[in-house]
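Asks: For reference, the sequence and a predicted model appear below.
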Amino acid sequence: MLNADVVFSLISFAVALWYYIESLKFPPGVGNVPGPAFYPQLIFYVWVLLSLILFISGIKKRKTYFSYKLSDPRTKRGVLVIILTFLYLFLWGHGRFVLNTTIYLGIVMLILGEKIVQTIIASLAISIFVYYVFNKLFNVLLF
Amino acid sequence: MDVLHAILSIFQPATFTYLTLGVLLGVFVGAMPGLTATLAVAILTPLTFWLPPSQGLAMLIGVYNSAIFAGGISAILINTPGTPASIATTWDGYTLSKKGMAGIALSINSIYSVFGGLFSSVILALISFPLAEFALKFGPSEYFALAIFGLSMMVSVSGKSIVKGLLVGVMGLALATVGLDPMLSYPRYTFGKTELLNGFSFIPIMIGLFGLGEVFFQVFESHDVKSVFTRTIGRLFPTLEQIKRMNIPALLSAVIGVVIGAIPGTGGDIASIIAWDQAKRISKHKEEFGKGSVEGLAATCVANNAVIGGAMTTMLTLGLPGDAPTAVLIGALMMYGHPPGPALFRDYPDFVWTIIGLMFVANLVILPIGILGSRIYAKTLTLSKPILWSIIIIFSIIGSYGVNNNPMDLWVVFIAGVFGFIFRKLEFPLGPVILALILGPMAESNLRRALIISHGRWSVFVTHPISLILLSLSALALILPLLRRKKEMKKNGA
């Protein structure tokens, strides 16, 4: 089992380090005018300090937060909903909005355990409602 | 003249219609467990983008006020607070409901929530203009200190772990540096992408963290996805005797709510718990508290709604979010081109009066809707979770995209949603991220400005009395909770 706080603090430290290295590429300040790197570098020092504190407390507490098993139906449906949302966004702009959205919402509802008739009615109604409200009423560019 | 203009604009048919619509939507969202006032305001903000500011704000203020009130409905009926602000409402509200007095509990929730809202609106009207006039004297060092003071509230919204709250807050500060540098317009962390020159849009991140992230979390965690509820609510109004008993605790709670609401980073949950505790202290019927006390229920309902006026005062005058929904409202005001702060009072006083007026009218609209609709609200709780979650997902996605019609925002909301889920699972609070995204740019630009003016001397922050006071308060806000936590740990260990 992963000690989540320790893992998170290490990732956080790595990102902070990258954030600092990137800031070294910014031009320096002139005279009394602090440059663009000044503030990000201040953030970096606090970031590293907090990552270190979390790392130490994580080692002391040894707490595991993620105890999901893929065989658990809740984990399966959670992962599927995230993957489906990713696919829905990936296909954004291809096909027709109402059709894509109805299919996406329909599958999500079925995965979550909704009955088939309610799923068909609700997914179609929500898609059409969203399309008309956002596209026709508020001029949001949908496809 | 400004006041008259504001009153006229509120009672224009379109504005009043949007306000009522907002109140109705807020009731729906607030009564739904898991849907918060913050989420409702966040989702509706991009929807109101195309409306004139007064109409858009009418809808948002309607939603904000009514969602807090409606959070008490599910707290009373099913022992599940609709919003975090209604946590304490469950203690006496649900017990009253179990005793067959749900009707009385629901009407107390309506009447006293409105009282709390109106009381705090009066305070907003009385003190916001003088406070804003004072804030006009602020220079860069004062604004930097003010931003630090707001950021120090990360501690109070950090919940169980202060370190985790501060860490995600710092990450939020880092995220806020993406885009053009505020002083020299140098592109930072943009990787040559023009879409990133303006930085990340605040709204998709917020909707992702709170809306999408919440749904992902509930999908992973919920055992029972079928939510069906039925309960008869019985008689609707409290007796005269009960009303007499509730008056003093209500007044006390209104004051508590306004004061707590005015402190940046707090909220209705804290206010209602403190108000309930104080009402118990002064009550002659202490033994009833937690077992169906009408005084306890009234105290919580008043306090969590009185928070709104307090939070709005801080938000409008200083540009600091009093609580989570006002943090989102700052984004909305920026979107309308009226960023909150003292300059708003100087440049657009009629707009400020419109907001104050909308607060009054929103509460007056809530009263009949709250009392007459009690039976109907109980029915809305029967909506199944799969449909409800699907509605939130699609509104979060399209709402985020709709602000700028920018496909990149679709990915921002999705990634923020995944992080929102991970943060919730790892017990990282989300409030500090929002505080950092709002206050980070303000802190940076004013820090650098102050250093330029003072020729690089850091002493500028302690030689100016206002900034010195604010920085001292910030230090206290950071240190005191740590000392308190240490004391508690010692006590528990002993």
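Replies: Perfect, I can see it now.
Asks: Do you know the pLDDT at the residue in chain A sticking out farthest from the centre?
Replies: Distance from the centre of chain A peaks at residue A:31, with 40.9 Å (CA atoms, centre = their mean). For residue A:31, the model assigns a pLDDT of 76.
Asks: where does it sit relative to chain B, distance-wise?
Replies: 8 Å (CB to the nearest CB, to the nearest Å). For every residue, glycine as well, the C-beta is placed using N, CA and C.
Asks: what's around the closest residue to chain A within the stretch 1-150 of chain B, how many residues?
Replies: The stretch 1-150 of chain B approaches chain A most closely through residue B:50 (4.7 Å), counting by CB to the nearest CB. As a burial measure, residue B:50 scores 14 neighbours (other CB atoms under 10 Å in any protein chain shown).
Asks: tell me the contacts of residue B:39?
Replies: B:29, B:210, B:211, B:214, B:392 (CB atoms under 8 Å, 6 or more residues apart in numbering or on different chains).
Asks: that older thread, does the residue of the stretch 1-150 of chain B closest to chain A really touch residue A:134, like I thought?
Replies: No: the criterion here is CB atoms under 8 Å, and residue B:50 misses it with residue A:134 at 9.9 Å.
Asks: show me where chain A has helices.
Replies: A:4-23, A:38-61, A:73-90, A:97-111, A:116-130 (DSSP state H).
Asks: Distance check, the residue nearest to residue B:72 when sequence neighbours are not counted against residue B:280.
Replies: Among residues not flanking residue B:72 along the chain, residue B:109 sits closest, at 4.0 Å (CB to CB, 6 or more residues apart in numbering or on different chains). In this view, residue B:109 and residue B:280 are 18 Å apart by CB to CB, to the nearest Å.
Asks: Which one's more surrounded, the two?
Replies: With neighbours defined as other CB under 10 Å, residue B:109 and residue B:280 compare such that residue B:109 has more, 28 against 19.
Asks: Surely the more buried one and residue B:93 touch.
Replies: Yes: at 6.9 Å, residue B:109 counts as touching residue B:93 under the criterion of CB under 8 Å.
Asks: Need the per-residue pLDDT for the most centrally placed residue in chain A.
Replies: Nearest to the mean C-alpha position of chain A, by CA atoms, centre = their mean, lies residue A:82 at 9.5 Å. Residue A:82 carries a pLDDT value of 96.
Asks: Hmm, it is touching residue B:217, no?
Replies: No: contact between residue A:82 and residue B:217 fails when scored by CB under 8 Å: they sit 11.3 Å apart.
Asks: I'd like to know how many residues surround residue 30.
Replies: If you meant another chain, say so; for now it's chain A. 9.
Asks: actually chain B
Replies: By other CB under 10 Å, neighbour count at residue B:30 equals 30.
Asks: ok, for it, nearest residue in space, not its chain neighbours?
Replies: Distances taken as CB to CB, 6+ apart put residue B:70 closest to residue B:30, at 2.9 Å, once the chain neighbours are dropped.
Asks: I'd like to know how many residues surround the one you found.
Replies: 36.
Asks: check which helix or strand covers it.
Replies: According to DSSP states H and E, residue B:70 maps onto helix B:53-78.
Asks: Next SSE downstream of that helix?
Replies: Heading C-terminal from helix B:53-78 (DSSP H and E), you reach helix B:89-98.
Asks: And that following helix, what's buried?
Replies: For helix B:89-98, a neighbour-count test (16 or more other CB atoms under 10 Å in any protein chain shown) marks B:89, B:90, B:91, B:92, B:93, B:94, B:95, B:96, B:97 as buried.
Asks: Next: stretch B:45-57.
Replies: Buried residues in stretch B:45-57 (16+ other CB under 10 Å): B:45, B:46, B:47, B:48, B:49, B:51, B:53, B:54, B:55, B:56, B:57.
Asks: likewise stretch B:7-19?
Replies: B:9, B:10, B:15, B:16, B:18, B:19.
Asks: ok, residue B:246 to residue B:114 distance?
Replies: 13 Å.
Asks: where does the chain dip in pLDDT?
Replies: Reading this off chain A. A:1-2, A:64-66, A:137-138 (pLDDT under 70).
Asks: meant chain B, my bad for not saying
Replies: B:1-2, B:32-35, B:79-80, B:156-157, B:159, B:224-234, B:264-267, B:375, B:377-383, B:492-494.
Asks: please redo it, this time with the cut-off set to 50
Replies: Flagging of chain B using pLDDT under 50 yields the residue ranges B:228-230.
Asks: in which helix or strand would I find the most centrally placed residue in it?
Replies: Nearest to the geometric centre of chain B sits residue B:325, at 2.6 Å (CA atoms, centre = their mean). Residue B:325 belongs to helix B:324-335 when assigned by DSSP H and E.
Asks: which of the residues in that helix are buried?
Replies: So for helix B:324-335, counting by 16+ other CB under 10 Å, buried means B:324, B:325, B:326, B:327, B:328, B:329, B:330, B:331, B:332, B:333, B:335.
Asks: Same check on stretch A:71-84?
Replies: Buried residues in stretch A:71-84 (16+ other CB under 10 Å): A:77, A:78, A:81, A:82, A:84.
Asks: what subset of the residues you listed is also close to chain B?
Replies: A:77, A:78, A:81, A:82 (CB under 8 Å from any CB of the partner chain).
Asks: follow-up on the earlier one: can you list the buried residues of helix B:89-98 in a markdown table and add distance to chain A?
Replies: Formatted as a markdown table, the buried residues of helix B:89-98 follow (distance: CB to the nearest CB, whole Å):
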| residue | distance to chain A |
| --- | --- |
| B:89 | 29 |
| B:90 | 25 |
| B:91 | 29 |
| B:92 | 33 |
| B:93 | 29 |
| B:94 | 27 |
| B:95 | 31 |
| B:96 | 33 |
| B:97 | 28 |
